[in-house]
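1. can you look at this prediction? I've put the sequence above it.
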Amino acid sequence: MATDLTADSGTVPLAAEPGATHGGRRLDQPNHPIAKFVFVALIVGALGYAGYSILADTSHVGEQMATHVFAFLIVALVIALGFEFVNGFHDTANAVATVIYTNSMPAPLAVMWSGTFNFLGVLLSSGAVAYTIVTLLPVDLILHVGSSAGYAMIFALLLAAVLWNLATWYVGLPNSSSHTLIGSVLGVGLANQLISSGSKGGTAGVDWSQAYGVLSGLFWSPLIGFVCAFALLYAMKAVIRTPGLYREPVGDTPPPGPIRALLIFTCTLVSFFHGSNDGQKGMGLIMLILIGCAPTAYALNRTMPASATAAFIETAKTGVAPFAMRAGTIDPNTDHARTTLVAALQQRKADDARVYGAITTLSADISQRIQAYGAISNIPAAATGNLRNDMYLVLDTSKLITKAKDASTRFRPAELKAIDGYQKNLEQGTRYIPIWVKLAVAIALGLGTMVGWRRIVKTVGERIGKTHLTYGMGATAELVAGLTIAFADKMAVPVSTTHILTSGVAGASLANRAGLQFRTIRNMVLAWVLTLPAAMILSGGLYWILLQFVS
């Protein structure tokens, strides 16, 4: 019997296969009248807080933004937060589907619960994933993010990500926001490479070595979710012989206490780590916007205390020494050093004595400037952009060298440790996220969780397996998803909550001998396969169009 995907609009349905039997859950309970007021108040408050924070941060360092730059900043910030809002109701519906379809929590309470833990996940995140996404962008656009091409890049990838997410949500496909954003980033990089090929030799494109690591995580994580959920439920059925755990709910009756607690725990786990991983993607985009529009306030971490300056200088000396020893004759010209490091990053070739010498020269200049000013917080506006770019060049070039397969044969363990310490200090000085950015993203993601979730919930809860979701199926799928995302977060790798959890539900369905609705699985796989190229084409096209207006 064909089942419409949603009850609230005439969208393209994902029909259930003949013979599929599902007990429908009530997903349309009305919210309390005060909920809309609180919702709007939180949105207005978050935007107001963000605007106030920007004005406070820029005035503190004496930075004056032109009216058109400030207008661009506000529009870009709204779109970036809009991406996280859409991400919330697109991805987090996966976390609440299991507790709703097992009667563990009523739908309104489940989405509020999930939204709260998404909020906490964002606030407590490390920020490492944020800059993993950013480093996929072309070197020249990152160094000149405040240029017209930089503005075109930001708008193109933001708009492409939001548009594709909304399109797949509209037809109820559990599409990955991570795939969408990364596809948008890669599309901008490829477009930039094609456009610049005539004058720059086509080197200002995608960092494919970095992209390979990111795409590997996106590829393998759903397979891990499927296999691990299948194996876990299969093992549970052999060890925990509690028949009620593997049966579907009866009517609207909640599960027994321990089972209910387990399901709520796994929902909490997925929600928290979804916020921790996915929320960082919006943070990275917002930091790009802030660095481009207000470099004096945000290009460097001005919260670093003056007492940290001496340690930074000392770490720089010990961290650069291994490069200086292998550099041969060192060219002291800083302009030559910058040119050498930019070329090394563009071409992904850094195993060269000239590159080692350039790192030594530029690092010495960075240390001299910071020491002269006494602290990063004292760097004047005129010197901020150049210093940030120099620190970025040294950091990423040295990482390119130390992450090479033969790094352990070219450097001693003690030398690699010294370089790593210097890299961490450079990251602390350039790759930070203000608390107000985390809070704004947390509110956007948390609020997004509380709206628009019905479409995806129906797909996850009713259209993957041929029988109703059981307690064991829901618990194993979410437990595997939560732990996989937590591990990825620790490794600073962006992954897809959607694909991990939906593949986990599919794996648990097979382990429970529930069978799969292959029409839905086919559509999900198509979304998985098509998202990257579709987002790349969309963002690349938008980037080219926007360049025509700003150039």
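-> Looks like it arrived, so ask away. No experiment lies behind these values; they were computed from the predicted model shown.
2. ok, T449 to A316 distance?
-> Plainly put, T449 is 43 Å away from A316 if you go by C-beta to C-beta, to the nearest Å. Using the backbone N, CA and C atoms, a C-beta is placed for each residue, glycine as well.
3. so after the least confident helix or strand in the chain by mean pLDDT, what's the next helix or strand?
-> Sorting the helices and strands of the chain by mean pLDDT, DSSP states H and E puts helix 454-462 at the bottom, at a mean of 60. Per DSSP states H and E, helix 454-462 leads on to helix 471-490 as the next helix or strand towards the C-terminus.
4. for the chain, identify the residue most remote from the centre.
-> Note on the chain: the largest C-alpha distance from the chain mean falls to T329, namely 41.8 Å (C-alpha atoms, centre = their mean).
5. contact partners for it?
-> G357 (C-beta atoms under 8 Å, 6 or more residues apart in numbering).
6. kindly report the same for A294.
-> Going by C-beta under 8 Å, 6+ apart, A294 touches I54, D57, T58, E63, M65, L73.
7. is it true that the last one touches L55?
-> No: using C-beta atoms under 8 Å, L73 is not in contact with L55; the gap is 10.8 Å.
8. higher neighbour count, these two?
-> Taking neighbours as other C-beta atoms under 10 Å, L73 and L55 compare with L73 leading, 22 against 12.
9. the more buried one sits in which helix or strand?
-> For L73, the host element (DSSP H and E) is helix 67-91.
10. how about that helix: buried residues?
-> Residues 70, 72-74, 76-77, 79-91 are the ones in helix 67-91 that count as buried (16 or more other C-beta atoms under 10 Å).
11. just checking, what packs against it?
-> Here helix 67-91 touches helix 33-60, helix 148-170, helix 177-200, helix 257-293, helix 435-449, helix 497-511, going by 3 or more C-beta pairs under 8 Å, 6 or more residues apart in numbering; DSSP states H and E.
12. hmm, try it at 7 Å
-> Here helix 67-91 touches helix 148-170, helix 177-200, helix 257-293, helix 435-449, going by 3 or more C-beta pairs under 7 Å, 6 or more residues apart in numbering; DSSP states H and E.
13. can you list contacts of the helix or strand that the longest one is followed by?
-> Just to be clear, that refers to helix 257-293. Next along the chain after helix 257-293, taking DSSP H and E as the criterion, comes helix 295-298. Residues from elsewhere that reach helix 295-298 (C-beta atoms under 7 Å, 6 or more residues apart in numbering): D57, T58, V61, E63, G146, M287, L290, I291, A381, T384, G385.
14. the inter-axis angle of the helix holding L73 versus helix 33-60?
-> 140 degrees (axes from the mean of the first three to the mean of the last three C-alpha atoms, to 10 degrees).
15. what about helix 67-91, average pLDDT?
-> Average pLDDT, helix 67-91: 83.
16. thinking again about what came up before, lowest mean pLDDT across the helices and strands packed on helix 67-91, which one is that?
-> helix 177-200 (a mean of 79).
17. what does it contact?
-> Here helix 177-200 makes contact (C-beta under 7 Å, 6+ apart) with 87, 90-91, 133, 136-138, 141, 153, 156-157, 160-161, 164-165, 202, 204-206, 211, 214, 218, 278, 281, 494-496, 531-532, 535-540, 543-544.
18. mind listing what's buried along it?
-> Neighbour counts over helix 177-200 (16+ other C-beta under 10 Å) mark 177-193, 195-196 as buried.
19. ok and that helix relative to helix 497-511, angle-wise?
-> 130 degrees.
20. and the helix or strand that helix 177-200 is followed by with helix 497-511, angle?
-> Later in the chain than helix 177-200, the nearest helix or strand by DSSP H and E is helix 208-239. Here helix 208-239 runs at an angle of 30 degrees relative to helix 497-511 (the same axes, to 10 degrees).
21. neighbours of N103, how many?
-> N103: 20 neighbours (other C-beta under 10 Å).
22. name the SS class of it, please.
-> coil (DSSP: H, G, I helix; E, B strand; the rest coil).
23. so it makes contact with D252?
-> Yes: in this structure N103 lies within contact range of D252 using C-beta atoms under 7 Å: 5.8 Å.
24. and the residue minimising distance to the centre of the chain, how far is that from H274?
-> Of all residues in the chain, the one closest to the mean position by C-alpha atoms, centre = their mean is K281, 2.7 Å from it. Counting by C-beta to C-beta, the separation of K281 from H274 is 11 Å.
25. check I259 too.
-> From I259 over to H274 (counting by C-beta to C-beta), the distance is 23 Å.
26. comparing the two, which residue is more hemmed in?
-> Neighbour count, other C-beta under 10 Å: between I259 and H274, H274 has more, with 34 against 19.
27. which non-adjacent residue is nearest that one?
-> Once flanking residues are discounted, H274 sits nearest to T497: 4.5 Å by C-beta to C-beta, 6 or more residues apart in numbering.
28. state the pLDDT value of that neighbour.
-> For T497, the pLDDT comes out at 73.
29. surely it touches I485?
-> Yes: the pair T497 and I485 qualifies as a contact (C-beta under 7 Å) at a distance of 6.1 Å.
30. which of these two has more residues huddled nearby?
-> A direct count of neighbours by other C-beta under 10 Å for T497 and I485 places T497 higher, at 32 against 29.
31. burial of the nearest residue to R388 once chain neighbours are set aside, as a residue count?
-> Taking C-beta to C-beta, 6+ apart, and ignoring the residues beside it in sequence, R388 has A299 as its nearest neighbour in space, at 4.0 Å. Residues lying near A299 (other C-beta under 10 Å) number 26.
32. for A299, give me its contacts.
-> I291, T384, G385, R388.
33. repeat that for Y246.
-> K237, T470, G472, N512.
34. and the furthest pair within the residues you listed?
-> Maximum pairwise distance among the contacts of Y246 (C-beta to C-beta): 10.6 Å, between K237 and T470.
35. which one's more surrounded, the two?
-> Between K237 and T470, counting by other C-beta under 10 Å, T470 is the more crowded of the two (25 against 17).
36. please identify the buried residues of stretch 479-496?
-> Residues 479-486, 488-489, 492-496 are the ones in stretch 479-496 that count as buried (16+ other C-beta under 10 Å).
37. now for these: which two are most distant?
-> L479 and A492 (22.5 Å).
38. low-scoring stretches of the stretch 301-450 of the chain, by residue?
-> Applying pLDDT under 70 to the stretch 301-450 of the chain flags no residue at all.
39. now do the helices in it.
-> For the stretch 301-450 of the chain, the helices defined by DSSP state H, counting those that start in this stretch occupy 309-325, 334-347, 353-373, 381-402, 407-410, 413-430, 435-449.
40. deepest of those, which one?
-> helix 435-449 (a mean of 25; mean count of other C-beta atoms under 10 Å).
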